[in-house]
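**Student:** This is a predicted model, with the sequence first.
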Amino acid sequence: MADGGVGTWAAPSNERLDAQLTGFIHANRMKSFALAELNPSLPWLSNQMPVIVNEGGDCNAYSDGDAIHFLLAGGGCANTGRLTDVIYHEFGHSLHDNSVIPGAGNFDSAMSEGIADYLAATTTDDPGMGRGFFVGTDTALRDIDPNGGEYYWPTHISSDPHVTGLIIAGALWDVRKAMIAQYGVGEGKRRGDDLFYATLQRADDIPTTYPEVLAADDDDGNLANGTPNRCLIDAAFGPHGLVDIFHQRLLSLMHMGITALDYPRSFRE
């Protein structure tokens, strides 16, 4: 292809080659997005990130904290390196692991599953994560915005962190929807994604995402007088049980002599 020309990379009939192309293109898409929109000063984003595709086994993909790994087709499952939102999801785990601010946040597996699902959903504008995971169907592997109900803390805590993670994924998606309704598509997405990234940096676990979102929304350094979008955030997080659990913890700590003005940091100690 001539310099400055336009070409198409595609190998739809070749599983292994298509996984290589898809993994390369979409992992780089996520790096570019994170550098431009989330944290341009994060050193990890400027490093080479291994993307390993066509690994042995089936029906899985994973992050080791840096590299992201995708398995061959088999067992009724597609090659996960060919599924763009699965690539976004695994990138989300590595982004989380490298974004935690030491002494402020922590890597919690259930929380990470949820925020990785959110990252995939906000990138594709589709709350159904993992469409095409099972061969022959476009049904989502997980839906972070299900009809007829919400995933709720603590009712839906599960031994499977992917299920527990749907609590925070749903809350963040509901914030994003509300931000779009309030500010329009472009600005609403940006605000929602900014609040999402604050949870990666500073939250310890799913219950501590709520105060961190409030802190990120604050505009004057004083949470006691509210934040610009407090009502919107409460309306999104409340149906997931995360406003109630925060206030329960806060009241418990206040009985120990810690005041409301100390949150969101002190209530986690």
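**Tutor:** Done, it's in.

**Student:** Help me confirm that residue 153 comes into contact with residue 241.
**Tutor:** Yes. Taking contacts as CB atoms under 8 Å, residue 153 lies within contact range of residue 241: 3.7 Å. The C-beta positions use only the backbone N, C-alpha and C, and glycine is treated the same way.

**Student:** Between these two, which contacts overlap?
**Tutor:** Between them, residue 153 and residue 241 share these contacting residues under CB atoms under 8 Å, 6 or more residues apart in numbering: residue 167.

**Student:** Tell me which residues touch residue 29, please.
**Tutor:** Applying CB under 8 Å, 6+ apart, the residues near residue 29 are residue 123.

**Student:** no no, residue 12
**Tutor:** With contacts defined as CB under 8 Å, 6+ apart, the neighbours of residue 12 are residue 18.

**Student:** Secondary structure element holding it?
**Tutor:** Here residue 12 is covered by no helix or strand, with elements defined by DSSP states H and E.

**Student:** quick one: it and residue 80, what's the gap?
**Tutor:** Shown here: residue 12 relative to residue 80, a distance of 16 Å by CB to CB, to the nearest Å.

**Student:** and if you look at residue 164?
**Tutor:** Here residue 164 is placed at a distance of 22 Å from residue 80 (CB to CB).

**Student:** Who has more neighbours out of those two?
**Tutor:** For residue 164 versus residue 80, the count of surrounding residues by other CB atoms under 10 Å is larger for residue 80: 31 against 24.

**Student:** So which residues of the stretch 51-200 of the chain form strands?
**Tutor:** Taking DSSP state E, counting those that start in this stretch, the strands of the stretch 51-200 of the chain run over residues 51-55, 61-63, 68-71, 128-129, 142-143.

**Student:** Residue 17 and residue 11 touch, don't they?
**Tutor:** Yes. If you go by CB under 8 Å, residue 17 and residue 11 touch, sitting 4.0 Å apart.

**Student:** can you give me the helices for the stretch 101-250 of the chain?
**Tutor:** With DSSP state H, counting those that start in this stretch as the criterion, the stretch 101-250 of the chain has helices at 109-124, 161-183, 185-202, 209-217, 230-237, 242-254.

**Student:** So for residue 38, which of the ones you listed sits nearest?
**Tutor:** Put simply, out of these the one that sits nearest residue 38 is helix 185-202, at 4.7 Å, with distance taken as CB to CB.
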